[in-house]
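> All I have is the shape, not the residue letters:
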């Protein structure tokens, strides 16, 4: 990558203590690229580079560091410098940083920060994690209603340097109630003498400060917005969430879903930046739960001890039978969880999903049963009765797998819990228990009772 | 949802053939909301609503229909109407639609479309699926270099109604080579008499028309952009990709990853909109592959027939041993595939990932082995030797699971294949084969040879 090519040059500048070159480096390049290059240095070296520019620029670059480097810098920069950088950061990036810090680190830092920023920080930290309030920025451009388009454009020009975006302009009254929204494009196209109140849009979408961040992401995606206004409980404008923050949210949530799907707690930092013990812990908890479920399966196997001795082919096909149920169940869980995330969960749709999964399960089970029957007869020389036990069980177990794969997430959602807890391995393990029971019951029924 | 509340009113207007009300409905509401309401109607009813407004508005609403409804409308609207709507659609949405159509449907439609649009469509259809060219729009705002800021603003005002965005302005020469980029915000802040060439940015990021769409998504996310320019092989500007298209790309790719992770081919439409047989097919193919792998496991179990008869406790713990390996392997595959997607795949990092997974595997294996030993002794009354067989195997199988879970995706990536083919169930099935072999080998070694 481009940024890796710059690293040797930068290291040379550092070893020669060439401050002019360092200042040049920090001012000419894009802050995103600078942050990527500095990520290849130790925290104290990175700080020596940052020191060469002013605090505004330091904050711009610092905002783009990965969380791990931010943490290391916080530990190595002295507190008065750090407080100035934090003061200069944009409100949403600042809150991201503070949310990664320990309580006592925050308390040491806050007294050094100017009153206005400090109050805002306390306010924003009070919003729940993953809420719209926790990812919004307070640097939006606002206008009063009773001015002309020309006056509005003048005011936008004044506000522009300080605002996260000036492409959406929010029209508010003195108590910051939001009356309308107008885009800069509409403003540029409107006639200069028109009143803002007559050209602004009054039917805008907004989110509440306590809404989950996914609500903002969904609305921004639904209407292709650049930003969405965030209102407090009294419908006053308190901030905006911009398209780039939403893109980050969507990417993060996708990461988390992928981890949950494989029965892991989501990682806070990148994989290679997370300590090995942390990763082991986030995986180990779920692995233990799954192992405990497997012990239940062992108990059922023990109960059918006799049958498995009398019919020794049963053991051979145990992995195939259990895997078929588990795999189909995992697919069902994934389909249902994704469908719920997309379309919400109207009751009628839930019933339809469950019914569809049942039918698909029957269909897939029949297909796999034919394959299992052929393999049992052709490759292992089983009798027709024995082959039928395997095939019949596959149909039952696959159908059961799809049904529990579909129903458990739906049930969890109904109970107000996160359906993603029903990870693929958990569905598979639960399906193992029932599958084992079905397998041996069918065997005893067909081979001994009939 | 809001749109569901409007449906009864709309049905009443339709049954009363109240065209004035229908026209009002189409003009007052947001096109996204209208499309959502119409999604609750049959295609021919939806068309009766659309007919009440002009073709520009029809296209705006049509663009927001879900693909299934678009297909149904294509089948039910007469071709001359359809060609006018297609002509009026924005270039990127138009290509999305055409990519869903059959070859002969496109060939019937194209002759009815105006020459200019037709040429553009042929050009855009020639770009590979999932390339930047296939999702870009050609409606960008461009400016010549040698004008002043005031002139530039005037030209932007003229172009505004026709362009997808006017917030990023692209400075090109007569042969459309891209020389610079300037944002509307920068233009508004610049002094009116300055020359555009002196205020525009020359170090902009861009993508190639043949790049994968994920490249555009990554660059837009990396630099928090509103749009990214798309260049052809001669570095001429041919289109732009905007933030909202990238958001769609990221969401789609997350969907696909989730499906692949559970061993399913991605769906083209929403779950409830996809025919049951299509879903069964997309799942069944992989289920058959997995069942075939399970037959190999059965063969290995058959080879160890004697051992499992002599030591009947072995069967009880087979699901636990195999699940432990499979689950840990799935986690590893997920971690490695996600890490590669995020950070690219530098060789040094790959080695680090593989080494980390090996260590994590040892650690997790030891933890699970202690649990398995306790369960084997405490709940099933196994001897120390028997318990040690189970525990020792768990360590080996879990470590083996993490190693193949990490290595197979890395290997696939190295071979230039999609690492996501190594789905969690496939890793688990492959780990079953080796796990079974290890389990019985360890048992024979410990219980019979030592």
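Alright, I've got the coordinates. Just so it is clear, the model here is predicted, and its values are computed rather than measured. Numbering: from 1, shown residues only, chains lettered A, B, ... in the order given.

> quick one: the helix or strand harbouring residue A:297 near chain B?
Per DSSP states H and E, residue A:297 falls inside helix A:276-303. Yes. Applying Cβ under 8 Å from any Cβ of the partner chain, one finds helix A:276-303 touching chain B at A:276-277, A:279-280, A:283-284, A:286-288, A:290-292, A:294-295, A:297-299, A:301-302. (Glycine included, C-beta is placed from N, CA and C.)

> What subset of the residues you listed is buried?
A:279-280, A:283-284, A:286-287, A:290-291, A:294-295, A:297-298, A:301 (16 or more other Cβ atoms under 10 Å in any protein chain shown).

> on that earlier part again, just checking the very next helix or strand once past the helix holding residue A:297 against chain B, any contact.
Scanning forward in sequence from helix A:276-303 by DSSP H and E, the next helix or strand is helix A:305-310. Yes. Using Cβ under 8 Å from any Cβ, helix A:305-310 reaches chain B at A:305, A:308-309.

> Can you check what angle separates the longest strand seen in chain A from strand B:165-172?
Secondary structure assigned by DSSP state E gives strand A:165-172 as the longest strand of chain A. Here strand A:165-172 runs at 160 degrees with respect to strand B:165-172, directions being taken by axes from the mean of the first three to the mean of the last three Cα atoms, to 10 degrees.

> in a helix, that's where residue A:179 is, yeah?
No. Counting by DSSP: H, G, I helix; E, B strand; the rest coil, residue A:179 falls outside a helix, being strand.

> That one - how many residues pack around it?
For residue A:179, the tally of surrounding residues (other Cβ atoms under 10 Å in any protein chain shown) stands at 17.

> and residue A:382, what is it in contact with?
Applying Cβ atoms under 8 Å, 6 or more residues apart in numbering or on different chains to residue A:382 gives the contacts A:313, A:376, A:390.

> just the strands in chain A please.
Under DSSP E, chain A gives strands at A:140-143, A:165-172, A:178-183, A:207-208, A:227-231, A:237-242.

> closest one to chain B among these?
Ranking those by proximity to chain B (Cβ to the nearest Cβ) places strand A:165-172 first, at 5.2 Å.

> who's in contact with the helix-or-strand element of chain A with minimal mean pLDDT?
Scoring the helices and strands of chain A by mean pLDDT, DSSP states H and E places helix A:2-15 at the bottom, with a mean of 82. For helix A:2-15, contacts defined as Cβ under 8 Å, 6+ apart pick out A:21-22, A:25, A:29, A:33, A:36-41, A:45, A:48-49.

> Farthest pair within the residues you listed?
A:21 and A:39 (19.5 Å; Cβ to Cβ).

> picking up where we left off before, narrow the contacts of residue A:382 to those in helices?
The helices, defined by DSSP state H, take in A:313, A:376, A:390 from those.

> And residue A:374, how far from residue B:371?
Distance, residue A:374 to residue B:371, using Cβ to Cβ, to the nearest Å: 39 Å.

> Among these two, which residue is more densely surrounded?
residue B:371 (20 against 13).

> Just give the nearest non-adjacent residue to the more buried one, would you?
In this structure, residue B:371 finds its nearest non-sequential neighbour in residue A:291, 5.6 Å apart by Cβ to Cβ, 6 or more residues apart in numbering or on different chains.

> For the one you found, which residues are in contact?
For residue A:291, counting by Cβ under 8 Å, 6+ apart, the contacting residues are B:320, B:323-324, B:368, B:371-372, B:375.

> Okay, the spatially most central residue of chain A and residue B:243: tell me how far apart.
Nearest to the mean C-alpha position of chain A, counting by Cα atoms, centre = their mean, stands residue A:253 at 1.4 Å. From residue A:253 across to residue B:243, the span is 17 Å (Cβ to Cβ).

> Likewise for residue A:59?
Distance, residue A:59 to residue B:243, by Cβ to Cβ: 24 Å.

> sorry, back to before: out of the contacts of helix A:2-15, give me the one that has the most neighbours.
If you count neighbours using other Cβ under 10 Å, the busiest of the contacts of helix A:2-15 is residue A:38, which has 27 neighbours.
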